[in-house]
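S.K.: I would like to see how this sequence folds:
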Amino acid sequence: MLTCASRFAAAAASLFRSRGGGINVLFGLSLIPIVGMIGLGVDYGMAVTDRSRLDRAADAAAMAAIVTAKAYIAANSSQSNVMTAAATAGRNQAVNTFNVNSGSVPLATVTLQTPDVTISGQTIKAVITYTATIQNSFSKLFMVPTSTVGNTVQASVDLPTYLDFYLMVDVSGSMGLPTTANGMTQLAAVNNDMYSDYQQGCQFACHFPGYVGWTKAAGKIQLRSDAVNNAVCSLLQRASFPTVPNQYRIGLYPFINQLATLATLTSDVNALKTAAQCSLTWPLAFTNLLDTGATQLYSPGDPTTGTGAGGTHFETAFPQMKGIVGQNGFGDGSTATSRKPFVFLVTDGMQNGQHFFTSSNGKYAYPGNPSKFSGYADAWWDGSQPSQIDSKNCDAMKAAGATISILYIPYNQISFTDKGGGIAWENNRVNGFSPTLATPLQACASPGYFKTANSPDDITAALKAMFDQALRVARLTQ
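M.R.: As a prediction, this is how the structure comes out:
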């Protein structure tokens, strides 16, 4: 019995000894995946840390590329190959910035692709791509010796768009009509100018300085030229020219028979306000420039220059405007030497082939009657010839690259008692086809750049809208 008991105890003890050894073996085996998981976590953490560092370096490189390229263009806008050189400068700066910010990445071999810096239209875009191979410390025990990380980041910025605005303003006699039908009735009731024509109260293109109509309208009845001038002054008051020097420029160009310059292109708002006489009450510049029978804004002593007198000649004014724009260039707006031109035409659309002139060496001269210019005979009139604008006059300007934006100020129908004579004939003529004037003007304008306004408030709002439209379209093309 003792022998059996001893054997049983010995067997039990042996069993317990064997069980403890198995646990040790199992524990030892379980350490392998545990240590492996910890090692993988350490290697993964290293990869994440390195990638974050490299991502920051890539972000900085992309920003450095576009900022450098933009600054290069601003500083070298007259350079012939400025865009190519700017892209190269951006790429070089991107590489330097990436290297400085990434530094020496532990256990990693970093490859930076050549930065892609492109300039399309008015947008600079940079694309930075890198890859990094990281040596693993623990994962190699599991046959994963390295980890690979990489990323592509992009950045873009818009270049300043350089725009020139040419305000081409009709100051022919018909722009001296009152802005409202009530104003027209008021003027006709008190204006006895040209009463030789059957005592017909005059309201259409017949009130000049020194005439009764001018005195009656002065500061009392607003003329369309007043409304246009106020709109221009309001635009100049509102216009916040950007900090980029000379990014936007505006010029003022009134016309009758010919185009003249009231203010050359400038970004000096105060100079423009002075030229438009915005600080005055009445009359302002465009009303002062209404057809007076003698040319204005002329070269010294030369009545063949300036605005002319007696008609509205789009066929002359548009080629002259194209010449002025051509001197500054038909560009895309990308640089200060490649400006995008917008021609704003403000008119009632009534063409008139008449002249109040004398001939000088085969040229029209507009000295007035009596002549205000030494050596020139008194002007005489070759008869009223009202008609629609020929939209083909606008084609060459658009084909050259200018955008023509038109503000059409329609005629109010002239209400009068027909007593015969020249005034009645012209009133009937204008009333007859003035409703058709919008059609050729729309054809003259660039697509989508035609607005109609009559009341003073609408004229002001329309001119502002034209300016804003030009700015929006310039941004959309970037």
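
S.K.: what does the strand or helix carrying Val343 contact?
M.R.: In this assignment (DSSP states H and E), Val343 forms part of strand 340-347. Among residues not part of strand 340-347, those counted as contacts by CB atoms under 8 Å, 6 or more residues apart in numbering are 161-170, 175, 228, 312, 321, 325, 328-333, 389, 397, 401-409, 441, 444-445, 463, 466, 470, 474. C-beta: built from backbone N, CA, C; applies to glycine.

S.K.: confirm that Thr133 sits in a strand.
M.R.: Yes: counting by DSSP: H, G, I helix; E, B strand; the rest coil, Thr133 is located in a strand.

S.K.: just the contacts of strand 340-347: which are in strands?
M.R.: Counted as lying in strands by DSSP state E, out of those, are 163-170, 403-408.

S.K.: restricted to buried residues, select those residues in PyMOL.
M.R.: Selecting only the buried entries of the ones in strands among the contacts of strand 340-347 in PyMOL, with 16 or more other CB atoms under 10 Å as the criterion:
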select buried, resi 163+164+165+166+167+168+169+170+403+404+405+406+407+408
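
S.K.: with the ones in strands among the contacts of strand 340-347 in mind, which one is nearest to Asp378?
M.R.: Asp170 (26.0 Å; CB to CB).

S.K.: so the closest one makes contact with Phe255?
M.R.: Yes: using CB atoms under 8 Å, Asp170 is in contact with Phe255, at 6.5 Å.

S.K.: identify the contacts common to the two.
M.R.: Common neighbours of Asp170 and Phe255 (CB under 8 Å, 6+ apart) are Thr312.

S.K.: report all helices and strands that the stretch of helix or strand Asp395 belongs to contacts.
M.R.: Here Asp395 sits within helix 395-400, counting by DSSP H and E. With contacts defined as 3 or more CB pairs under 8 Å, 6 or more residues apart in numbering; DSSP states H and E, helix 395-400 has these neighbours: helix 314-328.

S.K.: report the buried residues of the helix it packs on.
M.R.: 314, 316-318, 320-322, 324-325, 328.

S.K.: likewise stretch 124-139?
M.R.: Buried-residue list, stretch 124-139, by 16+ other CB under 10 Å: 124-130, 132, 134, 136, 138-139.

S.K.: cool, and stretch 337-352?
M.R.: Neighbour-count burial for stretch 337-352 flags 339-352 (criterion: 16+ other CB under 10 Å).

S.K.: and these, which is closest to Leu289?
M.R.: Val346 (12.7 Å).

S.K.: could you check the pLDDT of that closest one?
M.R.: Here the pLDDT value assigned to Val346 is 97.

S.K.: pLDDT added to the buried residues of helix 314-328, as a markdown table?
M.R.: Putting the buried residues of helix 314-328 into a markdown table (pLDDT from 0 to 100) gives the following:
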| residue | pLDDT |
| --- | --- |
| Phe314 | 96 |
| Thr316 | 96 |
| Ala317 | 97 |
| Phe318 | 97 |
| Gln320 | 97 |
| Met321 | 98 |
| Lys322 | 97 |
| Ile324 | 97 |
| Val325 | 97 |
| Asn328 | 91 |
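
S.K.: save those as JSON lines, and put in distance to Tyr248 too.
M.R.: As requested, those are exported to JSON lines (distance: CB to CB, whole Å):
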{"residue": "Phe314", "distance to Tyr248": "26"}
{"residue": "Thr316", "distance to Tyr248": "28"}
{"residue": "Ala317", "distance to Tyr248": "23"}
{"residue": "Phe318", "distance to Tyr248": "23"}
{"residue": "Gln320", "distance to Tyr248": "23"}
{"residue": "Met321", "distance to Tyr248": "19"}
{"residue": "Lys322", "distance to Tyr248": "21"}
{"residue": "Ile324", "distance to Tyr248": "17"}
{"residue": "Val325", "distance to Tyr248": "15"}
{"residue": "Asn328", "distance to Tyr248": "13"}
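
S.K.: okay, strands next: where are they in the stretch 251-400 of the chain?
M.R.: Here the stretch 251-400 of the chain has its strands, by DSSP state E, counting those that start in this stretch, at 263-266, 340-347, 350-352, 356-360, 363-365, 380-381, 386-388.

S.K.: as a markdown table, those strands with distance to Val82 would be great.
M.R.: Below are the strands of the stretch 251-400 of the chain laid out as a markdown table (distance: least, CB to CB, whole Å):
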| stretch | distance to Val82 |
| --- | --- |
| strand 263-266 | 22 |
| strand 340-347 | 16 |
| strand 350-352 | 43 |
| strand 356-360 | 47 |
| strand 363-365 | 43 |
| strand 380-381 | 54 |
| strand 386-388 | 45 |
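
S.K.: what about the ones you listed, which gets the closest to Ala276?
M.R.: Comparing the strands of the stretch 251-400 of the chain by CB to CB, strand 263-266 comes nearest, at 7.4 Å.
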